[in-house]
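Engineer: sequence first, predicted model second:
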Amino acid sequence: MNRPYGITVSRHIMDSQRLHPKATGELSGLLTELIVAAKTISAEVNMAGLADILGMSGDVNIQGEYVQKLDEFANTTIKRRMANCGYICIMASEEEADAIPATEGCEGKYTLAFDPLDGSSNIDVNVSIGTIFSIHRADTDGKSAGSESDLLQKGSKQVAAGYIIYGSSTMLVYTTGEGVHGFTLDPSVGEFYLSHSNIKMPEKSKYYSVNEGNTRYWTEELLQYVNYLKDEDRATGRPYSARYIGSLMADFHRNLIAGGIFLYPRDKKSPIKSTGKLRLLYEAAPLAFIAEQAGGRAITDDGRDIMGIQPTSLHQRVPLIIGSKHDVDMAEKFLCGKKKKEDNLKG
Ligand code: AHG
Ligand code: MN
Ligand code: MN
């Protein structure tokens, strides 16, 4: 049987480090530890189907409980490994209200914000889910404890970001600001191999991803933009096709590879969504870093650059428009009032 004889992710990380003579190897060490946690989660996620079988064999509650356990499992796996790895001083997790300090004596100079399992409501229907991470350098000498303010840094200051998607295969996608690289896990040997080198998002797409069930709660500008995408104009590739999975990981990954625009705007459905649904630190900012490195773009629904937003709290929500550059540019024109559907402008 053919085994992929390619570049492993550890080799890729070490090769990138060699390009920076001053690098200490700490970021490489951090990423390596995170990848071990991801492989552990991947193995557990792959067992979710078995919980389904058990559920059908009599215990009606086990599926729901397992889903919840998997969220907790992912959180605990990352938290424990990274708190003791020696490269991190403080962390933020979607699953924890407060910042999580590194174990005393194990503090390092980086911070880590993560969504342990994104799209976890999809586990029980076997849809792709993922882990998202964002890494910053803290204002510490690497020996002292970090504080919440070390986590509250702009996306533009990230030193690395990425995600692991648990799909038909498990893939790791990451950037350290030198392009975006994708690796596919060979589960039989437990190794990630380079499968997508220097990923570039198609500049213009024919797909849009948004929860159209919320249409009645949208602003007029957003409604006009989405209606524009649905109008027929062959010259500009319209109408676009809709693709919405409801798992940011899956929607973003598809758009990264095949091109597309994803929108989770603010809406009037509930007060909690008055500033959008997705979280800045561990959903929007890391994916914005990846999108930009792949030639795409990420803004809010009022035209602010996601990467330029100064966070004020760990779980802050932001409206997110992200994807192929031309499509985000066009969305911005509508959302910022520079373009209206009846203008029938081409482009
Ligand atoms: P999480 O599972 O980490 O809480 O995130 C769920 C998010 C995201 O994955 C997805 O894009 C969005 O929720 C879907 O929201 P709607 O169901 O409101 O469309
Ligand atoms: Mn999430
Ligand atoms: Mn989550």
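Structural biologist: Now that the structure is in, tell me what you want to look at. Numbers count the residues shown, from 1 in each chain. Ligands and ions are numbered 1, 2, ... in the order given.
Engineer: what sits against residue 202?
Structural biologist: Counting by C-beta atoms under 8 Å, 6 or more residues apart in numbering, residue 202 makes contact with 258, 259, 324. To be clear about C-beta, it is placed using only N, CA and C from the backbone, and glycine gets the same treatment.
Engineer: pretty sure the last one sits against residue 200.
Structural biologist: Right, residue 324. No. Residue 324 is beyond contact range of residue 200, at 10.3 Å (criterion: C-beta atoms under 8 Å).
Engineer: which one of those two has more residues nearby?
Structural biologist: Neighbour comparison, residue 324 and residue 200: the larger count goes to residue 324, with 27 against 14 (by other C-beta atoms under 10 Å).
Engineer: ok, residue 297 touching residue 331?
Structural biologist: No. Residue 297 lies out of contact with residue 331 (C-beta under 8 Å); the separation is 9.4 Å.
Engineer: who has more neighbours, those two?
Structural biologist: residue 331 (28 against 24).
Engineer: ok, that one - contacts?
Structural biologist: By C-beta under 8 Å, 6+ apart, the neighbours of residue 331 are 225, 261, 263, 299, 321.
Engineer: skipping its backbone neighbours, what lies nearest the first one in space?
Structural biologist: The one in question is residue 225. Nearest residue to residue 225, sequence neighbours excluded (C-beta to C-beta, 6 or more residues apart in numbering): residue 334, at 3.7 Å.
Engineer: shouldn't that neighbour be in contact with residue 321?
Structural biologist: No. Using C-beta under 8 Å, residue 334 is not in contact with residue 321, being 10.3 Å away.
Engineer: re earlier: surely the residue nearest to residue 225 forms part of a helix?
Structural biologist: Yes. Membership of residue 334 in a helix is supported by DSSP: H, G, I helix; E, B strand; the rest coil.
Engineer: got a list of what it touches?
Structural biologist: Neighbours of residue 334 in contact, by C-beta under 8 Å, 6+ apart: 221, 222, 224, 225, 228, 340, 341.
Engineer: what is the neighbour count of residue 340?
Structural biologist: 15.
Engineer: and it, how far from ligand 3?
Structural biologist: 37 Å (C-beta to the ion, to the nearest Å).
Engineer: in terms of helices and strands, where is the closest residue to that residue other than its chain neighbours?
Structural biologist: Spatial nearest neighbour of residue 340, chain neighbours left out: residue 224 (6.0 Å); criterion: C-beta to C-beta, 6+ apart. According to DSSP states H and E, residue 224 maps onto helix 220-230.
Engineer: which helices and strands sit right next to that helix?
Structural biologist: helix 325-335 (3 or more C-beta pairs under 8 Å, 6 or more residues apart in numbering; DSSP states H and E).
Engineer: can you show me the CA trace of the helix it packs on as PDB?
Structural biologist: Only the C-alpha atoms of helix 325-335 are listed here, as PDB (Å, rounded to 0.1, in the frame of the first residue of the first chain):
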ATOM      1  CA  LYS A 325     -11.300  39.400  -2.000                       C
ATOM      2  CA  HIS A 326     -13.400  40.600  -4.900                       C
ATOM      3  CA  ASP A 327     -16.600  39.300  -3.200                       C
ATOM      4  CA  VAL A 328     -15.700  41.000   0.100                       C
ATOM      5  CA  ASP A 329     -14.900  44.200  -1.700                       C
ATOM      6  CA  MET A 330     -18.400  44.100  -3.400                       C
ATOM      7  CA  ALA A 331     -20.100  43.300  -0.100                       C
ATOM      8  CA  GLU A 332     -18.400  46.300   1.400                       C
ATOM      9  CA  LYS A 333     -19.700  48.600  -1.300                       C
ATOM     10  CA  PHE A 334     -23.300  47.600  -0.500                       C
ATOM     11  CA  LEU A 335     -22.900  47.500   3.300                       C
END
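Engineer: now do the same contact list for residue 267.
Structural biologist: If you count contacts by C-beta under 8 Å, 6+ apart, then residue 267 has 214, 217, 218, 273 around it.
Engineer: which of those residues has the largest number of neighbours?
Structural biologist: residue 218 (21 neighbours).
Engineer: hang on, isn't it packed against residue 263?
Structural biologist: No. Using C-beta under 8 Å, residue 218 is not in contact with residue 263, being 9.6 Å away.
Engineer: between these two, what contacts are shared?
Structural biologist: With C-beta under 8 Å, 6+ apart, residue 218 and residue 263 have common neighbours residue 226.
Engineer: so which bits of stretch 325-342 are buried?
Structural biologist: Buried residues in stretch 325-342, counted by 16 or more other C-beta atoms under 10 Å: 325, 326, 327, 328, 330, 331, 332, 333, 334, 335, 339, 341.
Engineer: can you report how many residues neighbour the closest residue to residue 274 other than its chain neighbours?
Structural biologist: Leaving aside its chain neighbours, residue 274 sits nearest to residue 266 (5.8 Å; criterion: C-beta to C-beta, 6+ apart). By other C-beta under 10 Å, the residues close to residue 266 number 21.
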